[in-house]
Structures are given as C-alpha cells and as structure tokens.
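A.B. asks: pasting the sequence and the predicted coordinates here, then a few questions.
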Amino acid sequence: MIRDDLVSALAAALAAVGVDPPDKGIQLERPARREHGDWSSNVAMMTAKKAGRNPRELATELAERLRADPPAHVADVKVEGGGFVNFHLAPSWLHAVLGDIVEAGDDGYATHTIGTGERVMIEFVSANPTGPVHVGNGWFASYGDALGRVMERCGYRVQREYYVNDTGGQIRALGGSILARAKGEPVPEGGYASAFVKVLSSAYDGPDDVTAAGRWAAEHIVGFIRHQMEAVHIDYDEWYSQASIEDSEAVGETVALLADKGLVFERDGAMWLRTADFGDPRQERVIRKADGDYTYLAGDLAYHRNKFMVRGFDRVINVWGADHHGQVASLAAGVEAMGIARDRLEIRLGQMISLTSGRMSKRAGNAVDLDDLVDEIGPDAMRLLSLLNSIDQSVTIDLDKVRSESKESPVYYVQYAHTRIASIGRVADERGVVRRPLESVDLGLLQHERELEVLRSLSELPDVVLLACTERAPHKVATWVRELADRFHGFYHDCYVMGEGIDPELTQARLWLVEAARVGFKVGLDLLGVSAPESM
RNA sequence: GCCCUCGUAGCUCAGGGGAUAGAGCGUCGGUUUCCUAAACCGUGCGUCGCAGGUUCGAAUCCUGCCGGGGGCGCCA
C-alpha cells in the first residue's frame, strides 16, 4: 500500500533529522485541493513545537530527504502552507490501484478484517405492530440493513432482527379497536383509528377479548410489515416476539439473576432494580408493578439477556429513534447490572424523520406508509435517498419533491453510470473488441485527468468502507458512490473507450479502467442495498 | 426545570482538527454525424446560530447563551 510506504518514509526522514514522531503517530491525509498533491502529512506542524523547531524549516528538511530517496511513484515532495509535506505522485500509483481493484474483484475489493468474525446483532425498526410501518421507519430500515452490509464487509457476522412488541397495553388498545370496529362502534379513546385497522377488523372472528383480538391483529400486521420490508429488499434473520419472552420463564429468570446480585428490592408493593452503580441518574427503576405485571424494562432486560447470554452475540447494536432516548440509561444500566460489559451494547439514536407536512404519527393517521412511497419511486430510490443523510441529522422529507424529482433522483444518476459500463461492454462485443489480459495492457496510457479522477475515487473506497463501519455511518458509502458516478460520467463524456481516432492500445487500457469502475459501483451499491442494473 | 440531540448556500443535505467550506435541487446560459443527453460544461449562491476558550491551525473539540426537535411513567 502506497500509504504505508509514505508513512515509513516519513518516519525514516523524521528519525534522520532527530525528531520524535508525534504521539498519535504519523498522519497522512488526502488533501482537499488537487494542487496540494495526492497525499499530505502534517508531521512537521505536529512535532515542531516539542522539538523546538520552525515547522516550515523542519518540513523543508524532511522534504529534501524524501526527495533524495523517494518511495515508489513519488514524483515530487513539496512544502506548502504552514508546513505541510505534500507528496505529488506520478499517475503510475493510480495504475497500480487499478490492478489491485480488478484483481480483488467484487468480493475482495474494499474488504476488511477488523470484525474478526465477531457475531453482532443489529436490531432495527422494531416498530410496534399496530399498523404498517411508515416512511420514517423506512429511513431507519435502510440504515440498519446497510450498516449490516458494511459490517459484513469488514469481517463481522451480522444478524438482522426485528423485535416485535406484540404484547402489553398498546396491543390491548389495538384489540379494543378491532373489536369496536367489528361491531361497527367508534374506536375507543387511545385506540387505533387507521383505515388499515378498520379493514383488518372485518376479518376478525375470534373471541370478544381485547388481548386475543390484539394478538390476532398484531400477527396480521407483522405479516404486512414483513411484506413492506421485502419490498425494499430487507430480509430479517429473525422476527423476535416479545410475547414469547413474557410467556416463557425468561423474565422471572432475569429478575432472579439480578436479585442474586443483590440489586432487587421491594417498596410500595412494587419490585425495584437498583441501577445507581451503573450510570443511571434515576438510580432505581420499577421492574414489577404493584399489580403484579412486569414493566417494559423487565421484558427488555430479559430480551437483552437472551441476546447476550442465551444466543451469545458478542455485540448488540440497537437502532432507535431519538424518541426512545429516555430508555437508554435504564437499559444500559440493567444490562451492565447483569454482568455484561457495557461496550457490548451500542444504542444508535437516529434523529427524527418528519415530513414537510409535520411529524408522522400512527395514531394521528398522518403517516405515509412505506410501501405507498416505494410503489411510487421504487425501492432503489427509496434506499439511496434515505442513505444520503447521516442518521445524526434530523431530516425533513418533502414528499411532493421526492415524487416529482424521482426522474432525476440521485439513484438514477448513479445507476445510469453503471448502465453505461454495461453498454460499453455490449458495444465492445458488437464490434468484436476483446479485452486482453491485464498484464499485456499498458495502463500507463491512462493520463487524462478524467481517467485519473475516476481512479482516485476508486482508491478511496477501502477507507470509506472502513470509516462507514467504525463510525456506524453507512451514508458515507452513499456519498462516495455518488461522487464516483460524477467522475465516471465525466470520463464517459470526454474519453471515448472505442471509436474513431482512439488508439486500440488506449482502448485496452480504458476497458480495464471501466472494469475497475464497475467493481466500484457494484461494491458501493451492494453495500447500500441498491441494485446495479445493466440497462435502464 | 433537568438530560440528549441538531443548527452549514434560497431548499434538502455532505464535510466533524488542516490549506481558498462542498454537492444535489432550484436560477440563467451552452453542448449531440461516434460507447444511451436519465449525460456533460459554464453561471450565481455562505456572518458554517451567537459569544468566549483550547490549539501552530476550529465549521469540526470545550464552556455558556439563543433557536428547532426529542426525552424525563408502577406506559409500551
């Protein structure tokens, strides 16, 4: 790797001038501006003060030594700005990248091993089965699934799970709504007045019992949610029923586990968990109410005991909306109280998704069902659109705009680039142009700025994937793939692969460039769960 | 009141210690005998909420304030 070569060359130069490397190690970054070279280091500025040196002078000295014995591909080393050491590389470094990409291929390029086979569960969406999931849920669905794909590419073994809240007060409220509707009565206070529930109620022929009706309805609704998820190509490994936990001994066993640790006490007829030693500002939480029912927390702790101690996941990532922030401290404390290391549970809070018409609410009935939007714009547009934002950003969706722009959606911009690649392949076949083996092709002919820009983007993909993984930020892949499309369209426009006046040797080199770009699009789009069509 | 989170171009958002802060949409104009114009090129667009602090360097980290959103149940 070129980066490693440059870092060790810098380390050697630093040692030669008698300056200790910075505590954080030698950093190398890609400058934002082309004129600052291909790779840039700030070592001189980092170390100058401690070494009692002037940063620019130190940088100049380093540059001189590096120029005297330059690492491979280094054309020039310049000192710019306040003391940056900038490496200006020959295009040959990008030709080497091209070789790496096509050799690694779709399954190998931009893979990492940092996950070391760790088993991680990502639980996401888990919306209550009281109605179809809406567009906001869809945003989190894209996130959770793409995060899983990114982590898989980094060596994690990922399980995707949907926690089905098919018990408790809201299920009884749902059952009450079903029963009322079935009898032609108005939906009771706090019930679910949606059209979906109304339609569902006409099919109910079970007992006149809110719990039975609620569970029946929830089961049907989960079936529909599953269908909605399939429509955006999300395939959960497990739909885990909360009722199954509560129906089993799991909650009692969990409470017993905590009681054994001396953390459970009774007061006012209720059972409490002492959470003070585990970072919970509230210090104590009710786990069993005075009426004898366990609280949601107790069930949730049992569920997490199941995730960690029964099913043995090394790491659990819960993707929650910011409106569940209030649950974080109690769950994290309870999990730690069970003796599970705190860093094994990650809770990613996504900011709220709203429509320009206001916040979506299932009860209020102003939510837009995910499948309705997907029917209009397609699953690929839905997924790319939702992955263009960080989940740390609260987003406002203008549905009218999304619909009207669907023809110029970023997803088509990216997919169109991929179809152009396929098209080049088809035309090559028609014209009998055969791509020769890479070893016999002179990649050195790739000198056009458009060509180099494509290769620069491709060279960044491994870093992007790694960062997307460690920061749990799959949207970085979306941003990257759009940039690759931008550069590929530029190349396509200015650099004909075949045609009049194109040297056959250049055609060969460009065919390999196109193949490398194809790998980039394939990898990037796969990570996002977006299809890579051959034609549109 | 306390806690969390966000505030970047007209709009939707990237960038989250590094050099002159970016993209898409929207505005206006241009490009096609050749691999699909779902494309390309040009054009304008900013007190990075405000004020301090840390740093060689802050949109980025810290503190306070302002503004938006969310949360503070023996609900789930």
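C.D. replies: Yep, that arrived.

A.B. asks: C-alpha only now, for contacts and for neighbours.
C.D. replies: OK.

A.B. asks: residues in a beta bridge with residue A:270, which ones?
C.D. replies: residue A:267 (DSSP bridges).

A.B. asks: who's in contact with residue A:52?
C.D. replies: By C-alpha atoms under 8 Å, 6 or more residues apart in numbering, no residues touch residue A:52.

A.B. asks: per-residue confidence for it?
C.D. replies: Predicted confidence (pLDDT) for residue A:52: 85.

A.B. asks: from RNA strand B, how far off is it?
C.D. replies: 11 Å (C-alpha to the nearest atom of the strand, to the nearest Å).

A.B. asks: who in the stretch 301-450 of chain A is up against RNA strand B?
C.D. replies: A:322-327, A:351-352, A:359, A:388-398, A:405, A:407-410, A:412-413, A:416, A:419-420, A:423-427 (C-alpha under 7 Å from any atom of the strand).

A.B. asks: which residue is it, in chain A, that comes closest to RNA strand B?
C.D. replies: Residue nearest to RNA strand B within chain A (C-alpha to the nearest atom of the strand): residue A:395, separated by 2.5 Å.

A.B. asks: quick check, that residue in contact with residue A:352.
C.D. replies: Yes: using C-alpha atoms under 8 Å, residue A:395 is in contact with residue A:352, at 6.8 Å.

A.B. asks: these two: who's more crowded?
C.D. replies: residue A:352 (21 against 18; other C-alpha atoms under 10 Å).

A.B. asks: look up phi and psi at the more buried one.
C.D. replies: phi -70, psi 150 (degrees, to the nearest 10).

A.B. asks: tell me the pLDDT at it?
C.D. replies: For residue A:352, the model assigns a pLDDT of 85.

A.B. asks: shaky segments in chain A?
C.D. replies: A:358-366, A:406-407 (pLDDT under 70).

A.B. asks: which residue ranges of the stretch 1-150 of chain A form strands?
C.D. replies: A:28-29, A:39-41, A:74-80, A:84-89, A:119-123 (DSSP state E, counting those that start in this stretch).

A.B. asks: related to what we said a few turns ago, residue A:124 versus the residue of chain A closest to RNA strand B, what's the distance?
C.D. replies: 18 Å (C-alpha to C-alpha, to the nearest Å).

A.B. asks: can you map out the helices along the stretch 401-536 of chain A?
C.D. replies: Using DSSP state H, counting those that start in this stretch, the helices assigned to the stretch 401-536 of chain A run over residues A:410-430, A:449-470, A:475-494, A:504-528.

A.B. asks: can you give the distance from the first one to the centre of its chain?
C.D. replies: Helix A:410-430 has its C-alpha centroid displaced from the chain centroid by 26 Å (C-alpha atoms, centre = their mean, to the nearest Å).

A.B. asks: now for that helix, which elements pack on it?
C.D. replies: For helix A:410-430, the packing partners by 3 or more C-alpha pairs under 8 Å, 6 or more residues apart in numbering; DSSP states H and E come out as helix A:379-387, helix A:475-494, helix A:504-528.

A.B. asks: quick one: closest of those to residue A:88.
C.D. replies: If you check each of these against residue A:88 by C-alpha to C-alpha, helix A:475-494 wins as the nearest, at 20.7 Å.

A.B. asks: buried residues, the closest one. List them.
C.D. replies: A:475-492 (16 or more other C-alpha atoms under 10 Å).

A.B. asks: I'd say residue A:472 and residue A:146 touch.
C.D. replies: No: the criterion here is C-alpha under 8 Å, and residue A:472 misses it with residue A:146 at 9.6 Å.

A.B. asks: more crowded one of the two?
C.D. replies: Using other C-alpha under 10 Å as the criterion, residue A:472 and residue A:146 rank with residue A:146 on top: 29 against 21.
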